[in-house]
Structure formats: structure tokens, C-alpha cells
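Undergrad: below are the sequence and a predicted model for it; my questions follow.
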Amino acid sequence: MVKTKKIKIDKNLGYYLPLFNELGIKSSITPYFGGDLKLDHHHYLLEPTSELDLFKNSYARNVIFTVNHQQYFLNGSSLHQQDDLLEYESGRLYQRVTRTNALFSLETTTYVPVSDPLEVHEIHIKNISNQDLEMDIITAIPIYGRSADNLRDHRHVTSLLNRIQRDDSGVLMTPTLSFDERGHIKNTYTYAVYAHIDDVKVQRMITNIDDFLDGGTFNFPKGIYNTQSPDREGYEAIAGIGFEKISLKPNETKTLYITLGIHENTPLEIRKTHEKFHQKAHFEHELNHVIKHFDALKHKLNFNLISDETSELLDWVGVQPVLRRYFGNSYLPHHDYGRGGRGWRDLWQDLLSLIMHNESEIKDLLINNFAGIRIDGSNATIIGSKPGEFLADRNKIVRVWSDHGAWPLLTTEMYIHETGDISFLKLEQSYFDDKFTHYTYQTKDSFDKGYILKVNESIYKGTVLEHLLIQNIVAHFNTGEFGFIKLEDADWNDGLDMAKEHGETIAFTHFYANNLRRLAVLIEKLDDDIKIYSALKELIFGEISLETFFEKAKSFDGNQVRVEKDKLIKRLEELSIERINHIEKHAWIDDTHLQSYVTNHKAFLDDSNSSNLTGQAMALLSQTIDHQKVHRLVQKNKELLFDKKRGGYHLNTDYNKLLTEMGRAYGFSYHHKENGAVFSHMAIMYIYGLYQYDFVKEGSEGYHALVARSLEKESHILRGIPEYFNDLGVGKYLYLTGSASWLLKLLREQVFGIRLQYGKLTLNPKLTLNEFINKEASIETMIQGNSIKITYKNLKNLDYGQYKIKEIHQDGKIIDENNLKPSGRIEVYLDEI
């Protein structure tokens, strides 16, 4: 079981925890009970929250306790509660908050059940004074009950739709309509809040905010003792569920249960769902279920290295890709944009983690993803909620990110090596189709309304290999004036979005060049010639231009031809070598580091005193530069970009000007987000590249800095690693970051050296001395459906470069390294070289 994290809180540092289940309930909650609760963009029970709302807790989950004629709040917002002792515990995935003052304590446990559309709370109220306490209790939970669009678009008008129904211990709010940009739709959802205390009756209910406040504020409501408040239709709703007064003797405890839910059931079914969680035994049983459910991830990928604290952090890093799978890039306070879903790049990189977790559905997920590729080499950029569901983009704005075609091969290749399933390349999949052609620069009049490419009303399917070739070959030939891949609307760095006309990405020119030679290696493993779309074959062999290919794709005829395997391999290798030679000749700055971009002013971005990490990371990751030059590159970029105190490698140096010829990123203050923050994702990819070139000392220093900063209290990070660290070393955009998958990949493949080539396991550890705990470092992971634990034993305290593998024991028996089986328990003894 994952260890809980217990801390004392004396300041609101913006901590929050994501809670969710596979029914679609998504919650964010703070130690002060801020945050929100929703199903999706259009169904919020609690008002949508952004980062600043983490510090505005009065309009959120709350309970008001009146003791000795003085109001106390569950969220502690009253002036006389500022010296309360606040103890906070977080586990996977629940939180427990204990707030203590001179009179009583409140211990609140919160989670989202695995199988019910609820968020549930158990609040133990204990008298810790030496006198009897008379206490009035009323919940104070505003029910937002509509789309996030209505936060400032028709906020009042949509409140007119609200209809309230009281139950014995609950408030149910069912709007008549859903009123947003989708039109006027009859609403089918009910937003419900229930509260219960054993043997204490509900005495009053206040269901609209006007009566609840009665001329006061959320910090000083004046209507909360009114026993005659009527239900009013067409007002902002609140669940003000008030109880008869209770008297608590010293050391006596009462328990309050509060449940919040979003339903499409009858009122009777809703009541039954909520009332289950008003019973102590059921509440505890379901809490244990939640803990076990999410703790099951632990054995799939678990690390023990550097320190116990680091190992615990890595347990949470393993959960982060799972969180992004369900939250997308939205629905948490920092991620206050978009309408849910993930982008194309996210989809492929999140699968890296699922492959490492050895999830049974990975093959189906992977093949479904290829249905998002257009026949012209572009792709849908937004993924729907169902497997294989794709959209052109948010708000129907269509763009091309120049890096999008690069990622599918990386993920597919990893899957093939993990499983040995080279035949995956032969599987067939359809293509995404809409009105856009020519890399979205043109449109066509006719396309299938189901967004699937068809020829004569029949769905056209190509192999996975054909899909990969189309994306990489089109990108390869889509070059600018300087001979590098066109930047288009941006690459990995979304902030580089103002160089569409003339911008070029040298960074991803490395990636695509390497992809072509990796495709050649994979094709060598196939046992027959290749069948592909005829115009693609003509483009590969230089028989037509890219523009002609686009014209043929626009009037797609579905014609396929066979290509000799050896000729295709040779041609891909030639194209790769040509591009790598071009990089070598034109991309270096004083032979010390690499250019990353050409600007919209047709100029290289960097000089001898500036650097952008993306170009360096993609070069090392793609292994497209000569080993003799890597040392100078590593030293130069450490000099220009590394800052151990803030978390490691900055994304770029400070250009000290607004670069409108590149993108919005350089309108941000330096050290923030895409303008020079310590950006975890790119930093870890760069570090992965360092390990590939055997710069282990520099690589370990890089990821250690990032992990160490995440563990610092001053980073304001509760769990895991963030998207980036700002100028103060504060972590931003928590939980939902692709850097989590890459950190797991780095540790598993490079640090612990678990290598799989077409399903065969080998070990090549690159552990440094300070990564061992009591002379051991271990990893638990899944390979080919089997659980495996590998423990490296460094009995002589040797550093990397001083040891070799002396002996391997598998399940208690000494084995030859060539006979490793991907299962069971393996102990690897290291000794001097």
C-alpha cells in the first residue's frame, strides 16, 4: 500500500488533490475544501475553479458550526479560526483534514467512490474542551448545476432554469434546460447534496442563496437559522441543510456525512445511492476499495532508489498518466482551459506509461489512435471521449503542429519491442477525413459525414506502417527555405505560434530524420514486400513533389502498389542521411550547441550566448549528432540552461525581448511556462538523451534536481511532479503533465537499464552510487503480462563506470544473462570492472 503523506499546514500554499472515478466524476479539492466537482465541461455541480479560486473558499464545500453564538467554518475562513491547527493527510486517492481549535476538532475524510457518481465526506466532530458544547450545524454548499460556459455567459439567465426538490435530508436541483452554445437542450441531469447525522433530525433547509445570505455574505451569512425558508424557483441554488441543535459532552464525537452527486436517475434511486454512504461501515468499506483500486497500480511500476521520500514521489508519478487519461488537459485549477479531452501529442505520450504498465487494452488503444491520421499526413488534434473518436480541433479551429507526425512511431516502436509483436505494423486501420486537405491549407467539397476516408462509399484502410510512412514522409518533405521542417502553427512548444509563414523547427528535423532510419530498421524485420498508397510511393522515391502528392490526396483514389522491401529500406536510409548531413552542416553554433528554430524573419533564433533546450533534446534523443561533439554541447547547455536550485534545465535562455516572429511564449515573463521555465517534459527528454550518449553523471544530476525541487516545501507541490517550475521554483500545472510518462520511461529504460528488443529482455543499468539505498536499488514492473522485480546489489559501493554485472539470480537460481526471463524476482550483483 502506498504511504499516506501527512503534513501540518500553516499557510494556504495552493495544495489540491484530484479525485475521480471511471464513471466520469472528476473532482479537485483543497485542504480548505475549495475546488470543484463535475462530469464534463457542461455538467458542474460546484462552480468551476481556476488557480486563484484555490484561495477563495467561501463559495465551495462548507459547513457552518455555531458554538456559543459564534460561527465556525469547515474551511476555517472566519477570523477567529486563523490560529487553528490544520493537519493534512493525502493518499491514493483520498484526503483527510483535521482542523483543531480550543473547543473542538473536525476530522474530514473525502473520496470519490469507485462505482458511484458521488463525492463523499465523513466529518467527525469532537468536543476537546472540558465543557459541554451546544452546536448548531448547517451545510453551506452552493449548487452551480450547469456548463462552465455559463460562468460569465448568461450566469443569471441560466439560474432561472433551476428547479429545486427537497428530500428528507437532501437538496436536489434539476435545471429545466441546458443553455449554452450548443443550443437549448432539455436537461436530464440532477445535482444532489445530502447530509446526515445519526439520531439527529434535519430541522430546516435553505435552498436558494438569497435567503441563505439574507443581506450578509458567505463569510457572514445571516439567514442560516431561518426555519421557514421556502423553495424558490429560478434562483441560484444552495444546499443549506440544517440540523437540530446537538450537545456534545467533553470527548464526545458526532459524525456528519455529506454526499454530492450528479445523476440521471429518479429521485428515489438518487436517495438510495447517497444514503449508502451515510453508514459508517459502508463509507469505510468503499474507502478501502478506493485505496486498493488505485494502489493496484503500484505493483505495475514501482521504484526504490535515492531515498524513501523519492520512492514515494515516484509512486505518484506513476499515477499521473492515469489522471491525464481521465482528466485530459482540463478540469483542474491550473488547467482551466479547453473542454476536456487530450491533444494528439498527449495521446501518444500517455500510452508510453500504459505500455510500461502492460495494460491489456494497449493494442486496441494503439490501433484506434491511427484512425486519427489524414491521408495527407496531418491529423485530428483533439481526441473524443470514446476510443477512436477524433475532432479537427477545439472550437473547430484547425491547425498543424509540425511535431505531431513524429510521436506515433516512438510509441509504436516501444510497443513492438516490449511485446515482440512486429506484425502490428501489418494491421489495417482507416483514416480520418474531413473537409481539410493540403496539410489543412485547402478544403474540399465532399467528405464523409462520419469523418472516415472512403472510396466509392467503401472505407479505405491502410496498414499501420502506411500510416507511419505518410506522417513521417510528408513531414520530411515539408521543409522551408533553410532546409528544415516547417514550424507550421507550432511544434512541441505550443507557444511558438506566430511563425507560420517562414518558421522552421530544426529541433524536430532531428526527430523526423531519425524516424526514417528507425522505420527502415523495423521494415527489415518484416517478411515480405510492402503494400502502400501509390502516391505515397511516388513521393518517397522522388517521382512527384509534395504539392502533387497533396493534390492526389485531395482526389484520393485508393490505389495501392507493392514496393520492394529492400528498395524502400535503402530509400529511407538515404533520405535520413541527407537530412542528418544537412543538420551537421547548417545547425551548429560555434561547434558548441545547436540552433533550434528559424524565425518568421528568416533568421536563426540563437547565437553563441543563447540556447533553446528543445533543439538539444531532440538531437540527443534522436542520436543524430556525432559523439565527438556531444561533450561540448552538454557543457554549453549546462552553462546556459542548468539551475539546480529551481529544478534543473530551463527551456531557453532569456531573449530579453518580445519575439513576435516566434510566438506568444515570448510575451510571457521569463522563467514562466514556455518562456524559459524549468519545463519538466523537455528537461526529462533532454536527460534521456544524455543517458543515451552515456552522460550518466550529467543526466542523473538533471533528474535529481527536478525530483528534489518537487519534494521541497517551497515548491508548493503536494504530490508528483509539475509541468514546470517558475522563477521562485514553485511548481505549476500539477498532475496533468506528459513529463510523468517520460520520467517513468527514463528510470525504467535508462537508469535501471531494462531493455527489450523485439520482446527479448536485457539489462544495462546506469545507476549512480547515490541512487542506491543501503547498497540496493530496485524496480517492480510489468513485462509481457508478468510482474517482475529487479534488484541491483552494489555491495562494494561502486559508482557508475566502476561496475559491471557479475552475477544474476532469477528466482533463487544463478542464470546466464542471455537466458533472462521477463518474470519473477531477479537479483543482479554488481562488481568491479
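TA: Nice, I can see it.

Undergrad: so how far is the helix or strand hosting N472 off the chain centroid?
TA: Following DSSP states H and E, one finds N472 within helix 464-477. Here helix 464-477 is found 27 Å from its chain centre; the criterion is Cα atoms, centre = their mean, to the nearest Å.

Undergrad: quick one: contacts of the helix or strand just after that helix?
TA: Using DSSP H and E, the next helix or strand after helix 464-477 towards the C-terminus is strand 485-486. With contact meaning Cβ atoms under 8 Å, 6 or more residues apart in numbering, strand 485-486 is reached by 402, 475-476, 478-480, 503-506, 508-509, 512. In this view, the C-beta of every residue, glycine as well, is placed from N, C-alpha and C.

Undergrad: so which pair among those residues is furthest apart in space?
TA: With Cβ to Cβ as the measure, no two of these lie farther apart than H476 and G503, at 17.1 Å.

Undergrad: these two: which has the busier surroundings?
TA: A count of neighbours by other Cβ atoms under 10 Å puts G503 above the other of H476 and G503, at 29 against 24.

Undergrad: show me what contacts that one?
TA: G503 sits in contact with 480, 486-488, 496, 597-600, 661-662, where contact means Cβ under 8 Å, 6+ apart.

Undergrad: identify each buried residue in stretch 680-696, please.
TA: Neighbour-count burial for stretch 680-696 flags 680-693, 695-696 (criterion: 16 or more other Cβ atoms under 10 Å).

Undergrad: what sits against the closest residue in space to D528 that isn't next to it in sequence?
TA: Once flanking residues are discounted, D528 sits nearest to K565: 7.0 Å by Cβ to Cβ, 6 or more residues apart in numbering. K565 is in contact with 523-524, 526, 528-530, counting by Cβ under 8 Å, 6+ apart.

Undergrad: can I get the residues you listed in TSV including secondary structure?
TA: Converted to TSV, the contacts of K565 look like this (DSSP: H, G, I helix; E, B strand; the rest coil):
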residue	secondary structure
I523	helix
E524	helix
L526	coil
D528	coil
D529	coil
I530	strand
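
Undergrad: which one of the residues you listed sits closest to F550?
TA: Once Cβ to Cβ is applied, the member of the contacts of K565 that ends up nearest F550 is I530, at 22.0 Å.

Undergrad: contacts only, for the closest residue to H404 other than its chain neighbours.
TA: Distance criterion Cβ to Cβ, 6+ apart; nearest residue to H404, sequence neighbours excluded, is W344 at 5.1 Å. Shown in contact with W344 (Cβ under 8 Å, 6+ apart): 372, 379-383, 401, 404, 407.

Undergrad: and the gap between W344 and N514?
TA: 20 Å (Cβ to Cβ, to the nearest Å).

Undergrad: what residues of stretch 202-209 count as buried?
TA: Buried residues in stretch 202-209 (16+ other Cβ under 10 Å): 202, 204-209.

Undergrad: next, count neighbours for K5.
TA: 16.

Undergrad: the one 5 residues further on too?
TA: Burial measure for D10: 10 neighbouring residues, criterion other Cβ under 10 Å.

Undergrad: show me what contacts it?
TA: Here D10 is in contact with L86 (Cβ under 8 Å, 6+ apart).
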